[in-house]
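J.: Quick one, what's the 3D model for this:
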Amino acid sequence: MEQTPLFAREHEYDSVLRFIEERLLLLHCKSLFVYGACGSGKTSTVLRAVRRISHRTMTCDKNTVGTNTGSRNSSCSGRSSSADLPSMRAGKANRQRANKRERDYIDVEAFLEESAPTGTKEAQNCPSASSEGAESSGDPAVMFPYLFGKSRRVQCHYVNCADMSARQLASAISDTFRNFTLRPDAQTRTLISAVERIPQQVAALRRRGREALVRHQILAGEGAHVGLGDGSTPTAAAGSARSTAQTPLHVLVLDEVEYMHTAARGTLAALSELSVERASQLALVFISNVRELVHVPYMLLKELPFRAYSSEALEHIGARIVAGAELPRDGQDGVRFSPALLSFIARKALLESSGDARQVAVMCRRLVHTAQQELMEQKKKETLPKSRSSLGDAESPRRLSNQMSALSDCSSPTSPAATVTLAQGNQVLGGHAAVSKRVFEYVASMPEQMLYVLSCLVVLTLRQKRDSEVARVSIGGTTQTARRHRTETSASSSFFGPGSSEPGHSEPGTFTMRAVHRLYTSLMNRQRFPSMNAAGISSAVGGFADIGIISRPQRRGNEEVFSFNGTWSLDSMQAALLARGEALRQERIKCGLDAAENRFDEVLRELKNIVAL
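T.: Next comes the predicted model:
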């Protein structure tokens with residue numbers, strides 16, 4: 001796991017370390033509030049800073065290792081495995097989306113390669129490097145001697161709060177506190193007990209007001225003195241009065257706090273109060289994409305803004321991504337981008353996604369992959385005729401092996417490197433026309449599960465168009481039709497969720513992730529096909545967004561909303577799906593199997609029956 005600062009984020013990296021040192025010295029009891037635009041490096045910078053000083057490996061890093069080795073159910077947010085079964089089933093899709101977001105953060109860290117801590121020549125020549133970043137480019141161990149010296153231990157934790165209720169958040173925090181070590185000390189056990197009582201305290205405050213909360217605290221205090229219900233002993237209770245120098249400071253990083261359930265946001269204020277009461281044990285770091293955090297008093301927050309990357313910084317990031325791209329063979333030149341193309345990518349990311357560095361990574365990867373594929377195809381076309389004429393002689397086995405090795409060598413780009421110009425890059429990235437002309441090519445190369453999701457999007461769009469047309473038409477004498485339409489609409493809305501087909505609710509071609517998931521699951525159940533989970537559907541939608549036929553899913557409340565952008569028409573998508581189904585049917589005939597029906601024609605008919613179209 002990386003522990004050094006990202007490029008152009010040295011000042012923010014040092015600010016996080018400075019905040020933790022101030023909390024160690026008990027200079028204040030505030031919480032750090034990190035905010036900024038999406039893709040500005042907030043989570044990566046904070047995680048790299050806390051990894052640098054954490055006494056033990058964080059629970060999220062342990063789970064990430066488990067995920068990479070094949071355990072896909074481990075959560076970086078450390079959610080409780082002992083929670084009640086209905087809550088676990090209800091939040092399973094949300095946990096998978098949170099895991100996907102954390103894997104995306106880790107992938108982005110690999111692309112946003114950082115400059116050296118002492119300041120490289122490239123960083124010094126970059127116009128985006130501010131004077132503050134130059135002053136803070138020294139060694140953090142020298143700048144913060146108390147933090148890196150032999151003082152108190154610092155243990156850091158990370159929890160993603162997206163789509164969490166109060167009970168789920170308290171359970172996730174408690175689990176990550178327990179899992180960092182096998183035998184937590186008495187102070188940590190007391191802190192865990194206090195965190196676990198927060199949902200009940202918030203609920204009591206909401207139901208019966210401040211007096212009920214005071215009574216609850218008094219009863220909890222009496223139970224702790226009499227029964228020691230948290231499993232501690234009188235010896236451990238006496239040991240809790242030891243000097244704070246012998247107990248660790250727990251730094252808790254809470255990410256995506258703006259996406260918590262509305263009823264659970266009072267938990268953030270309760271955690272801030274707990275951080276003030278136990279200033280020597282708990283320090284909080286909130287990460288958000290919005291500037292306002294209205295649930296925590298402003299006087300308890302210390303703000304750390306992350307400004308969006310400039311165009312020059314995005315160009316530098318894109319150049320490093322292209323230079324560090326993995327090639328088929330090491331030591332050979334790969335693909336190079338012209339300066340005009342790098343400037344175009346940076347300005348495109350700055351205007352369309354507010355300087356999101358992740359979009360720069362996506363565009364650079366797409367261009368590198370396309371250029372490598374074209375270069376390999378060109379080399380194969382040049383080498384294949386010569387190799388065939390040479391293989392026709394077949395003078396000796398040794399010569400035959402030499403010819404085959406020459407064929408294998410042509411699969412990787414050779415010097416000089418191919419340079420991608422602005423015109424070529426604009427054909428790949430820009431244009432709706434470039435993508436719309438290749439609808440059959442894209443559909444022919446997609447996995448079948450992605451095509452099932454695309455079929456769901458097509459049928460949902462057809463249903464939304466029909467509903468909007470019926471809602472606009474008002475003709476006398478059609479009361480029975482209108483009544484039947486309202487009945488079908490209400491039934492479909494209750495099955496697929498609000499906003500899926502309700503007339504007037506959204507424009508045709510706009511979907512929620514929940515509606516797509518329900519329709520896809522219903523199709524798989526009726527056809528008895530193997531189905532993907534929620535994370536697989538989200539990955540398929542992300543693939544469509546990478547191609548450029550839909551918008552990126554945006555969160556609105558508790559829903560993820562996305563829409564078609566008009567690149568592909570409904571007729572072209574249906575024709576491409578039917579062509580793919582016919583190709584699959586011909587393959588079955590060639591293999592000697594029964595000439596079954598066109599699969600995607602059957603899928604589209606079944607989906608229309610499900611949505612009563």
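
J.: And for Arg336, the neighbour number?
T.: 17 (other Cβ atoms under 10 Å). Using the backbone N, CA and C atoms, a C-beta is placed for each residue, glycine as well.

J.: That one against Val322, yeah?
T.: Yes - look at Arg336 against Val322 with Cβ atoms under 8 Å: they come within range, at 7.0 Å.

J.: Run through this structure and note the low-pLDDT ranges.
T.: 1, 63-138, 150, 208-246, 325-334, 384-437, 474-507, 557, 594-595 (pLDDT under 70).

J.: Convert the C-alpha atoms of the helix or strand Ala535 falls within to PDB, please.
T.: Per DSSP states H and E: Ala535 is located in helix 534-547. Only the C-alpha atoms of helix 534-547 are listed here, as PDB (Å, rounded to 0.1, in the frame of the first residue of the first chain):
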ATOM      1  CA  ALA A 534     -25.500  -6.100  -7.900                       C
ATOM      2  CA  ALA A 535     -21.800  -5.400  -8.200                       C
ATOM      3  CA  GLY A 536     -21.700  -7.100 -11.600                       C
ATOM      4  CA  ILE A 537     -24.600  -5.000 -12.800                       C
ATOM      5  CA  SER A 538     -22.900  -1.800 -11.600                       C
ATOM      6  CA  SER A 539     -19.700  -3.000 -13.400                       C
ATOM      7  CA  ALA A 540     -21.700  -3.500 -16.600                       C
ATOM      8  CA  VAL A 541     -23.300   0.000 -16.400                       C
ATOM      9  CA  GLY A 542     -19.800   1.400 -15.800                       C
ATOM     10  CA  GLY A 543     -18.600  -0.400 -19.000                       C
ATOM     11  CA  PHE A 544     -21.400   1.300 -20.900                       C
ATOM     12  CA  ALA A 545     -20.300   4.600 -19.500                       C
ATOM     13  CA  ASP A 546     -16.700   4.000 -20.500                       C
ATOM     14  CA  ILE A 547     -17.800   3.300 -24.100                       C
END
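
J.: for it, packing partners?
T.: If you count contacts as 3 or more Cβ pairs under 8 Å, 6 or more residues apart in numbering; DSSP states H and E, helix 534-547 packs onto helix 92-111, helix 448-472, helix 513-527, strand 559-563.

J.: Can you show me the CA trace of the last one as PDB?
T.: Provided in PDB are the C-alpha atoms of strand 559-563 (Å, rounded to 0.1, in the frame of the first residue of the first chain):
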ATOM      1  CA  GLU A 559     -30.700   6.200  -5.700                       C
ATOM      2  CA  GLU A 560     -28.000   6.000  -8.500                       C
ATOM      3  CA  VAL A 561     -29.400   7.600 -11.600                       C
ATOM      4  CA  PHE A 562     -28.000   7.400 -15.200                       C
ATOM      5  CA  SER A 563     -29.400   7.900 -18.700                       C
END
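
J.: following that strand, which helix or strand comes up?
T.: helix 570-590.

J.: and the angle from whichever helix or strand comes after that next one to helix 570-590?
T.: Moving toward the C-terminus from helix 570-590, the next helix or strand (DSSP H and E) is helix 599-610. For helix 599-610 against helix 570-590, the angle by axes from the mean of the first three to the mean of the last three Cα atoms, to 10 degrees is 130 degrees.

J.: just the angle between helix 599-610 and helix 513-527, please?
T.: Using the same axes, to 10 degrees: helix 599-610 against helix 513-527 is 110 degrees.

J.: Go ahead and confirm Arg552 touches Ser563.
T.: No - if you go by Cβ under 8 Å, Arg552 and Ser563 don't touch, sitting 10.2 Å apart.

J.: what does the next helix-or-strand element following the helix holding Ala535 rub up against?
T.: Counting by DSSP H and E, the next helix or strand C-terminal to helix 534-547 is strand 554-556. With Cβ atoms under 8 Å, 6 or more residues apart in numbering as the test, strand 554-556 has contacts from 259, 560-562.

J.: Just among the residues you listed, which is most surrounded?
T.: Counting by other Cβ under 10 Å, top hit in the contacts of strand 554-556: Phe562 with 21 neighbours.

J.: Wait, that residue touches Ala540, no?
T.: No - applying Cβ under 8 Å as the test, Phe562 and Ala540 come out as separate, 11.6 Å apart.

J.: got the angle for the longest helix seen in the chain vs helix 534-547?
T.: In the chain, assigned by DSSP state H, the helix with the most residues is helix 357-393. Helix 357-393 runs at 80 degrees relative to helix 534-547, counting by the same axes, to 10 degrees.

J.: buried stuff in helix 357-393?
T.: 357-364, 366-368, 370-372, 375, 379 (16 or more other Cβ atoms under 10 Å).

J.: Going by distance to Ala346, which of those wins?
T.: Val360 (6.9 Å; Cβ to Cβ).

J.: Reformat the contacts of strand 554-556 as JSON lines; add distance to Ser40.
T.: Shown next, in JSON lines, are the contacts of strand 554-556 (distance: Cβ to Cβ, whole Å):
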{"residue": "Tyr259", "distance to Ser40": "17"}
{"residue": "Glu560", "distance to Ser40": "21"}
{"residue": "Val561", "distance to Ser40": "22"}
{"residue": "Phe562", "distance to Ser40": "22"}
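
J.: which one among these gets closest to Val195?
T.: Tyr259 (20.1 Å).

J.: tell me which element His250 is part of?
T.: Here His250 is assigned to strand 249-255, by DSSP H and E.

J.: go on, Tyr35?
T.: Counting by DSSP H and E, Tyr35 is part of strand 31-36.

J.: Quick check: next helix or strand after that strand?
T.: Strand 31-36 is succeeded, C-terminally, by helix 42-53 (DSSP H and E).

J.: Hey, what's the angle from that next one to strand 31-36? Just curious.
T.: Helix 42-53 runs at 140 degrees relative to strand 31-36, counting by the same axes, to 10 degrees.
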